[in-house]
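[1] Can you look at this prediction? I've put the sequence above it.
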Amino acid sequence: MRPQTALAPEAPLIQALARGVCPIRTLMRAFQNAMLEAPYRYPAVSLCNFHAWSLAGASPAVEAVRIFRSMLEEPPVRSNSGASELYPCNWCVALREQENEKLAEFTREMKRDKFRGWVIEYGTVCLFHGRRLIEILPEPEAELIRQIIASNQKLESQLSEFDVKVRRGEKGGGGVLGHIAEFVVSQRGITR
């Protein structure tokens with residue numbers, strides 16, 4: 001896979017299509033990276049473990065200190081309860097909102113012949129977003145996503161064949177592992 005230039009988190013979905021991986025996941029990663037690189041743009045008073053450690057390890061220290069200080073302040077207590085309640089991670093909430101916007105954008109774009117044609121010819125979606133798209137797309141677009149997901153199952157067949165060869169002591173065919181590794185890596189990158 002050749003190196004790609006970074007995408008802006010607000011980039012349109014169409015810019016993420018040619019990357020050979022799920023375009024929604026690609027933009028979600030760009031958004032999450034933007035939060036870490038410039039946390040002052042994404043205020044937070046509550047972070048999950050993943051995002052707190054990411055902030056500590058990857059963000060500018062000045063910004064990390066500011067956010068951690070705000071998290072150490074006394075959390076507000078809701079007036080209808082006697083004890084303080086747990087609050088969701090502000091960055092996870094922002095990611096979900098961004099994700100929903102990109103899913104809606106994908107749905108809108110499927111009405112355009114050029115976009116739909118590209119998806120038919122080269123489309124890739126991760127399993128998670130593929131399932132979400134199937135839930136919201138009308139037929140026959142949902143069927144198209146089902147076919148893309150089904151093509152992912154070919155990887156399982158390739159892996160099974162490679163496993164048999166390895167167990168017989170054959171050494172060749174490691175390209176299968178690289179291909180599958182690329183696919184698996186494209187499936188991750190943001191928390192759920």
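    Happy to help now that I have it. Numbers count the residues shown, from 1 in each chain.

[2] Around Leu159, count how many other residues there are.
    Around Leu159 there are 13 other residues, counting by other C-beta atoms under 10 Å. The C-beta positions use only the backbone N, C-alpha and C, and glycine is treated the same way.

[3] Buried residues, the helix or strand encompassing it. List them.
    Using DSSP states H and E, Leu159 maps to helix 141-167. For helix 141-167, the neighbour count (16 or more other C-beta atoms under 10 Å) marks 141-142, 144-146, 148-149, 158, 162 as buried.

[4] which other helices and strands contact it?
    Applying 3 or more C-beta pairs under 8 Å, 6 or more residues apart in numbering; DSSP states H and E, we find helix 141-167 packed against helix 113-122, helix 127-136, helix 175-187.

[5] low-scoring stretches of the protein, by residue?
    1-5, 18-20, 74-86, 173-174, 182-192 (pLDDT under 70).

[6] And the residue nearest the centre of it?
    Centroid-nearest residue in the chain, with C-alpha atoms, centre = their mean: Arg25, separated by 3.0 Å.

[7] my guess is it meets Thr124, correct?
    No - using C-beta atoms under 8 Å, Arg25 is not in contact with Thr124; the gap is 9.5 Å.

[8] Please identify which of the helices and strands packed on helix 141-167 is closest to Val93.
    Nearest to Val93, of all the helices and strands packed on helix 141-167, is helix 127-136, at 17.0 Å by C-beta to C-beta.

[9] what angle separates the helix holding Leu159 from helix 127-136?
    If you take axes from the mean of the first three to the mean of the last three C-alpha atoms, to 10 degrees, helix 141-167 sits at 150 degrees to helix 127-136.

[10] quick check: angle from helix 141-167 to helix 113-122?
    Counting by the same axes, to 10 degrees, helix 141-167 lies at 20 degrees to helix 113-122.

[11] The residue nearest to the centre of the chain: what secondary structure?
    What DSSP: H, G, I helix; E, B strand; the rest coil gives for Arg25 is helix.

[12] Let me know the closest of the buried residues of helix 141-167 to Ile180.
    Set against Ile180, the nearest of the buried residues of helix 141-167 by C-beta to C-beta is Gln158 (7.3 Å).

[13] Let's have the buried residues of helix 141-167 in a markdown table, adding distance to Gly169.
    Listed next are the buried residues of helix 141-167 as a markdown table, based on distance: C-beta to C-beta, whole Å:
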| residue | distance to Gly169 |
| --- | --- |
| Glu141 | 46 |
| Ala142 | 44 |
| Leu144 | 42 |
| Ile145 | 40 |
| Arg146 | 38 |
| Ile148 | 35 |
| Ile149 | 34 |
| Gln158 | 19 |
| Phe162 | 13 |
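
[14] Most tightly packed of the helices and strands packed on helix 141-167?
    helix 127-136 (a mean of 17; mean count of other C-beta atoms under 10 Å).
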